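**Student:** Sequence plus the predicted model coming up.
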Amino acid sequence: MSLKKADLLIKDGLVVSGHDIAKKDVAIYQGKIREMGSDLEGYDAKNTIDASKRYILPGGIDSHAHPVYDDKMDSYSIAAAFGGITTVIAFVGNIKSWGFSGYTTDVVKGFIEESEPISYLDFGVHGTYAAADEDTISKSISELINLGVPSFKVFMSYKQRGMMISDEALLTALEAASYEGGLTQVHAETGCCIEYLTERFISSGKTKPEHFLPSQPNILEAEALNRAGTFAQVVGAPLYPVHLSTKESIPVIRRLKEQGVELFTETCPHYLTLTDEEILKRGPLAKVGPPLRKEEDSDALWEAVSKGLIDVIASDSGGFTVKRKMAGAAAENIFEAPYGLNTIEFMVPMIWNYGVNKGRITLPKLVKVFCENPAKIFGLYPRKGVIMEGSDADIVIWNPSRIHYVNGQHGNTDYSSFDGFELLGMPDLVMQRGVVIIENGKFVAKKPEGKFVKGDPNATPYAPRGYKL
Ligand SMILES: [Zn+2]
């Protein structure tokens, strides 16, 4: 009998999927999973790893990434890989503060061209539109779907930064995207109220960190979510609100889902593990939009994740240096500081530690929210997000006994938003398409081999509506 070929055989690990955990061997050949099973036999493997007492997870997908500040795709992908991420989906579009300008389709093409030679991880893109793009949204959405970019973000906030689109443009985006099988993502906060309150705080000299949270109250997220969800309902389009942060949004999610809206929801690691105490301690370094909230919000979000009302956890990580966050008048005026946190590297370990270790979510749930669900929602499944025969060999060998004390993250940043936390459970090994990137806490990739991965609108849980109103 001739032996079967494998580049790597991972023996005796506990393979985790979105619904179970089972002890299996995994054979990898030419960058793909060749076979899985208990006690695989008949292999001539170049390498073998004994993974007993460790978990085998699909590589994580960071479906909310901003590799546009001090970290571009090169250093961002390195920090991501250290934390067990193997696919990054970046927001790209005509947004000045992200360093981009021009027609969104062209900006996306340029980003892919620039990022492919430098990224260590496979990456996808979400098209992103600003107020100035209102007349070209439909055209660009259609072009981007053909390029392999089936998801698009618009903002219901940030008017002064030129990002807030009108309600009419939101309806246009929802309809155009769903017609061809795409998905509209919204930053759901009521922009006019935030600007009104911010103006009031600034004009009365209230510009300290403690004034930031009340300038963006919880109810504004729930209001905008309700509005966007209602629009989606009217147009018959799927909707993906990003970075949900408040307890007030949970009943809105429940109503929309119950009424049959194809709603896919996301929160971020910082809303689950940090509170607005951080902004009092760290000032501009802890400024993010939406703001860090209260413990009761975190508790409600954990419950929503565990019950399946929240589908995805993603980083919303920027990649900032302290200098950039504190620049200009930011140290004196919290409203002048840029938005954003450095959460990418320790996102999965934080959720492991505070979710799985503390019994708030199960391990299959962790795989669901970081791997399976984002892969399905963004058209990457089953190539990504799952360990099964024929899938890309994007694999994390997770050591539940490994301890890490967070003190900064890799890449070009000089702090992590999770500095000071002690985490139990870290990746021992991270590989993409069979190539090892992280081994025993060291970066071992020889060259950037990340590729742009196309999202397939026919592989998502929402069907193209296929007709115009
Ligand atoms: Zn974001």
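**Tutor:** Great, that's in hand. Source: prediction; values computed, not measured. Numbering: from 1, shown residues only.
**Student:** residue contacts, Thr198?
**Tutor:** Neighbouring residues of Thr198 by C-beta atoms under 8 Å, 6 or more residues apart in numbering: 215, 335. C-betas here are computed from N, CA, C, even on glycine.
**Student:** Need the per-residue pLDDT for it.
**Tutor:** Here, the pLDDT recorded for Thr198 equals 97.
**Student:** try Gln160
**Tutor:** 89.
**Student:** So it sits against Tyr196, correct?
**Tutor:** No. Between Gln160 and Tyr196 there is no contact under C-beta atoms under 8 Å: 11.6 Å.
**Student:** Tell me where the stretch 201-350 of the chain has strands.
**Tutor:** Here the stretch 201-350 of the chain has its strands, by DSSP state E, counting those that start in this stretch, at 239-241, 266-267, 312-313.
**Student:** Show me which of these has the highest average neighbour count.
**Tutor:** Highest mean neighbour count of the strands of the stretch 201-350 of the chain: strand 312-313, a mean of 28 (counted as mean count of other C-beta atoms under 10 Å).
**Student:** which residues does the closest residue in space to Ser38 that isn't next to it in sequence bridge with?
**Tutor:** Nearest non-adjacent residue to Ser38, counting by C-beta to C-beta, 6 or more residues apart in numbering: Lys24, 5.8 Å away. Beta bridges link Lys24 to Gly13 when assigned by DSSP bridges.
**Student:** same check, this time on the one 5 residues further on
**Tutor:** Listed beta-bridge partners, Tyr29: Lys32 (assigned using DSSP bridges).
**Student:** before we move on, the earlier item: now for the strands of the stretch 201-350 of the chain, which one comes closest to Glu143?
**Tutor:** strand 239-241 (20.0 Å; C-beta to C-beta).
**Student:** contact partners of the closest one?
**Tutor:** With C-beta under 8 Å, 6+ apart, strand 239-241 has contacts from 151, 174, 183-186, 188, 225, 228-229, 231-232, 249, 256, 261-266, 377.
**Student:** Show me how far it is from its chain's centre.
**Tutor:** In terms of C-alpha atoms, centre = their mean, to the nearest Å, the centre of strand 239-241 is found 13 Å from the chain centre.
**Student:** quick one: average pLDDT of that strand?
**Tutor:** According to the model, strand 239-241 has a mean pLDDT of 98.
**Student:** mind saving the C-alpha coords of stretch 245-261 as CSV?
**Tutor:** Output of stretch 245-261 as CSV, limited to C-alpha atoms (Å, rounded to 0.1, in the frame of the first residue of the first chain):
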residue,chain,number,x,y,z
SER,A,245,-21.7,48.7,22.6
THR,A,246,-24.9,49.2,24.6
LYS,A,247,-27.4,47.3,26.6
GLU,A,248,-30.1,49.4,24.9
SER,A,249,-29.3,47.9,21.5
ILE,A,250,-30.1,44.4,22.6
PRO,A,251,-33.9,44.7,22.6
VAL,A,252,-33.7,46.4,19.2
ILE,A,253,-31.6,43.5,17.9
ARG,A,254,-34.2,41.1,19.3
ARG,A,255,-37.1,42.9,17.7
LEU,A,256,-35.5,43.1,14.3
LYS,A,257,-34.4,39.5,14.3
GLU,A,258,-37.9,38.4,15.4
GLN,A,259,-39.5,40.3,12.7
GLY,A,260,-37.4,38.6,10.1
VAL,A,261,-34.8,41.2,9.2
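**Student:** List the buried residues of it.
**Tutor:** Using 16 or more other C-beta atoms under 10 Å as the test for burial, stretch 245-261 gives 245-250, 252-253, 256-257, 261.
**Student:** Could you count how many residues lie near the residue nearest to Ser38?
**Tutor:** Lys24 has 20 neighbouring residues, counting by other C-beta atoms under 10 Å.
**Student:** my guess is it meets Asp39, correct?
**Tutor:** No. Under the criterion of C-beta under 8 Å, Lys24 lies out of contact with Asp39, with a separation of 9.1 Å.
**Student:** ranges for the strands of the stretch 351-469 of the chain?
**Tutor:** 395-405, 422-432, 435-439, 442-443.
**Student:** Please apply the same query to the stretch 51-200 of the chain.
**Tutor:** Under DSSP E, counting those that start in this stretch, the stretch 51-200 of the chain gives strands at 55-58, 60-65, 85-93, 122-128, 151-155, 183-187.
**Student:** Check which helices and strands the lengthiest helix in the chain sits against.
**Tutor:** As assigned by DSSP state H, the longest helix anywhere in the chain is helix 218-235. If you count contacts as 3 or more C-beta pairs under 8 Å, 6 or more residues apart in numbering; DSSP states H and E, helix 218-235 packs onto helix 167-179, strand 183-187, helix 191-203, strand 239-241, helix 249-258.
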